[in-house]
Structures are given as C-alpha cells and as structure tokens.
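Novice: sequence-free structure coming up:
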C-alpha cells in the first residue's frame, strides 16, 4: 500500500515537472528564427546600458530606444559583425557610458587600480602598525616581589585546583 | 603630523567624502557627455516634412552655423522649450532645423500648426535611424553645428532661457566669427556651455 502511494506521488511529480519544463521552454522562446543568433544578440545587449532607463541593460529594457538598438544589434550580428565592432558602434554614438564594463584607459586607471591601491595601503599600514606594536611592547622581567606574589597566587590556585579535581567546574 | 592634531584626521576624511557626495549628487545623470562634440555631424539625407518629394541633408548646411533640434509631437518636454524656439526663430539669429524623430508626419504637421513652426524645415526620421547615428536618447536634444559641419555642442533636454543666453547664443556668435578655411582647426568653447 505504502509503496503504491509512493509510486503514485513520484509519477505525479514527474508529470508536473515535465509540464513545468515545457512551460518554461515556451517562455524562453527566442524572438529570432535562429536561436543561436538570438543568444549572441542577448549576450551583446546585456553588456550595453540603456540610456533611457540608465540602470537597465538594453537586453532588459523595453524602452523604445532599447528595442530599436536591440534590432540594430540583431541586424549587425546578422551581417556578421563581431561583438567588438558592435560595441564600438554604440560607443561612437553614446560614449563609454553605454558600456557596463568600463574600458581601461587613462581616465579610468584610478577606477580599475583603486581597489588594489587601497589593498596595498591597507597591508602596508597593517605591517607598520604590527611592527610598531612589537617595539612598544618591551620585555619587562618581574621584580622579586612580583615574582613572589605570582608564585603564591599560582600555588594557591594549584591547591584549589587540586581540591576541585574530579569534581565538575562550576560555571562562573 | 603632530600627535595633537591626529584627532582631526576623521574630520578631514568626513569633509572629503562629503565634498565628493555634494558634487556627485548635484550632477545630472541624464547628461551623458556626448562623444560627438568636436566631431563631424553624421551624414544623413531625409525627406522634408512639408515636402516629402524633397530631401534635406546636413551637407546642405556647410558654411553656416545652425541648430539641429530633435523633436517629436509625442514629446512632452518639447512643448516646454517650443515657445523659446519660436521666439528665437522670430529674432532670426540662427537658423533652426528640426529632426522629427520617430513621429507620424501627419501628427507632426498638426503639432506645428498648433504650436507654431520655428524651423526652416524639419527632416523626417520616421525609423529613428538618424537619431541613433546622432546618439539621441532623450528628446528634445539640440546640436550646435559649425560652418565646417562639426558638432560643437549638444543640449540634452529642453533649452531654457538660461542655457540659451549663457551657452547657445554666445557659442553661435563665436562660431559665426570663425573662418572655416583656417587650419589647424582649434575648437574653442564658451564658458557658459561647460
């Protein structure tokens, strides 16, 4: 009986999952006839910023200009342009701002190198601080009095510990 | 730094960060620096709005300083700057040409009839391809083009009296003094356009 029930549940979930996969596949159906090309178009437009809604890529955006630009990219991919050529085409018209990945050039050196510079500065500061601390901490041998006190304290502790041995330590 | 002044370090850092924030927050993210400044205006040849059998090309304007104003009847901000354009046209200080961007010609004509027509003529960019070539992303946009056919400035969004008096008109006056034959070319700007 239980085995039968398990089997039915398994079968049901299998059917449901197949159905779900079918629905998903339908949603992801590409616009162009050639899915391979559409994949390239999507990859390229996902790197480009939509200038109308600036926090979206052209691939994501439904603004009229983004749709136009997507068509433009589709055309260019169709005519065999490479990704670099297409990105150049966009940069020529809208500036570096359209690229989500800023190019490495003199005005962006600081942007690219900044995190690493900060990291180096941090490490240098850390090392110099550690060294300074080492110098500040001077070995100070205990005086005879202090030594006696230490011994007596440790001795007392040792006896207490001895008395308690075997028993449970009370949580303080 | 002396030990006594070390407590000032966080204060200084605060003011530096606050300064950057102040500057950053007062910038307009819509104003993306145009890559066309001091570059030749992209070539186009489009039908004229009022006479579809004729074409208008940017090359027709070589030797003149002119404004190319991108507009559309569906564009709300265009309505805002329109009275100013009409005034400018009446004064006749600089020829204004329209690029009717992604608009139905019948509606565009109706719009001009209703609000006045400041344009010497409007070119019909029904598909928006010329708009893409000019990097248009927010209508209205206005390009200031010099005698050599070089774009010298671009106003993004509606022209205001302030922009007109401090940037556009001084720039136009300066450009009109330029001799297009002189080489090497030196692209001077106007303070108000910075």
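Specialist: Done, it's in. Keep in mind it's a predicted model, so treat the numbers as computed, not measured.
Novice: As a check, name the ranges of all helices in chain A.
Specialist: Per DSSP state H, chain A has helices spanning A:2-27, A:35-45, A:64-78, A:83-94, A:109-136, A:144-164. These are given in chain order.
Novice: Show me where chain B has its helices.
Specialist: Counting by DSSP H, residue ranges of the helices within chain B are B:8-26, B:76-91, B:105-115, B:129-133, B:161-163, B:169-177.
Novice: Could you say which of the ones you listed is packed most deeply?
Specialist: Comparing the helices of chain B by mean neighbour count (mean count of other Cβ atoms under 10 Å in any protein chain shown), helix B:129-133 comes out on top with a mean of 19. All C-beta atoms are positioned from the backbone trio N, CA, C, and that covers glycine.
Novice: Briefly note if that one comes near chain A.
Specialist: Yes - Helix B:129-133 comes into contact with chain A (Cβ under 8 Å from any Cβ of the partner chain), by way of B:132-133.
Novice: Outside of that helix itself, list whatever touches it.
Specialist: By Cβ atoms under 8 Å, 6 or more residues apart in numbering or on different chains, the residues outside helix B:129-133 that reach it are A:68-69, A:72, A:93, B:42, B:44, B:46, B:70, B:99, B:101-102, B:123, B:125.
Novice: What mean pLDDT does it get?
Specialist: Regarding helix B:129-133, the rounded mean pLDDT is 92.
Novice: Kindly report the same for stretch A:72-91.
Specialist: Averaging pLDDT residue by residue across stretch A:72-91 gives 90.
Novice: and that stretch, how far apart are its ends?
Specialist: Terminal residues of stretch A:72-91 lie 14 Å apart, using Cα to Cα, to the nearest Å.
Novice: What of stretch A:92-103?
Specialist: 14 Å.
Novice: same question, stretch B:185-194
Specialist: For stretch B:185-194, the first and last residues are 20 Å from each other (Cα to Cα).
Novice: try stretch A:75-86
Specialist: Counting by Cα to Cα, you get 10 Å between the two ends of stretch A:75-86.
Novice: hey, least reliable of the helices of chain A by pLDDT?
Specialist: The lowest average pLDDT among the helices of chain A, as it happens, falls on helix A:2-27, at a mean of 56.
Novice: ok, how many other residues are close to residue 72?
Specialist: No chain specified, so I'll use chain A. Residue A:72 sits with 19 neighbouring residues when counted by other Cβ atoms under 10 Å in any protein chain shown.
Novice: Not quite, go with chain B.
Specialist: Here the number of neighbours of residue B:72 (other Cβ under 10 Å) works out to 22.
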